[in-house]
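J.: task: produce atomic coordinates for the following.
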Amino acid sequence: MADSKYQVDEVDQKILAYLVKNARMPFLEIARECGISGAAIHQRVRKMEEAGIIDGSRMIVMPKALGYDVCAFVGVQFAAANQYEGVVEALRQMQEVVECHFITGQFALLLKIFCRDNEHLMEVLVNTIQNIPGVMNTETFISLDQAFERQVYVKDKWLVKK
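T.: Got it, this is the predicted structure:
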């Protein structure tokens, strides 16, 4: 549970900027860059984890490197408003679905999916997603290119440029 009382200061922002750029950066190196002790870095990171600001660290797998060349966004409409839990649970079982957002507007859900090719995408849409009980309609948007991706609210103005 997030601690809403924790206040992120400038040092925390520096730590976050380094960790977002490279989650494997040694704490001692971050400490040198921030001008504080390694123990202080450990303590601040632990406090930010406890406050719900940091949620672990991850390796990022590049889908194209594994043969998933098509990224698509799929808007999903429900047949009835009470279909949310069942539809989401069915989508959770699909490895191609990497994000699922409950949204406002024309669609109830917005999915981000990765497929090997357009044929695989069509199979996923027609034979799987559109067959989930409660799904009334879908609309698909194929991503031609990802211009950028970034973390929210993390400033990198403190990073030392080398």
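J.: Phe141 and Pro63, how far apart?
T.: 17 Å (CB to CB, to the nearest Å). Backbone N, C-alpha and C define where each C-beta goes, glycine included.
J.: which one's more surrounded, the two?
T.: Neighbour tally, Phe141 and Pro63, criterion other CB atoms under 10 Å: the higher count belongs to Pro63, 16 against 11.
J.: just checking, that one touches Arg116?
T.: No. Using CB atoms under 8 Å, Pro63 makes no contact with Arg116, being 9.6 Å away.
J.: which residues do those two both contact?
T.: Counting by CB atoms under 8 Å, 6 or more residues apart in numbering, the shared contacts of Pro63 and Arg116 are Asp69.
J.: show me the shaky parts of this structure.
T.: Within the chain, the stretches with pLDDT under 70 are 1-4, 153-162.
J.: which SS class is Ile142?
T.: What DSSP: H, G, I helix; E, B strand; the rest coil gives for Ile142 is strand.
J.: gap between it and Ala51?
T.: Relative to Ala51, Ile142 is positioned 38 Å away (CB to CB).
J.: cool, and Val97?
T.: 30 Å.
J.: what of Thr140?
T.: Distance, Thr140 to Ala51, using CB to CB: 38 Å.
J.: the nearest residue to Leu91 once chain neighbours are set aside: how many residues sit nearby?
T.: Excluding the flanking residues, the one nearest Leu91 by CB to CB, 6 or more residues apart in numbering is Val97, at 5.0 Å. Residue neighbour count, defined by other CB under 10 Å, stands at 20 for Val97.
J.: stretch 11-19: how far from the chain's middle?
T.: From the chain centre to the centre of stretch 11-19 is a distance of 19 Å (CA atoms, centre = their mean, to the nearest Å).
J.: let me fix that, I meant to ask about stretch 40-57.
T.: The answer for stretch 40-57 is 18 Å, by CA atoms, centre = their mean.
J.: next: stretch 10-20.
T.: Worked out by CA atoms, centre = their mean, stretch 10-20 lies 19 Å from the chain centre.
J.: now stretch 51-68: buried residues?
T.: Using 16 or more other CB atoms under 10 Å as the burial criterion, the residues of stretch 51-68 that qualify are Ala51, Ile53, Ile54, Pro63, Tyr68.
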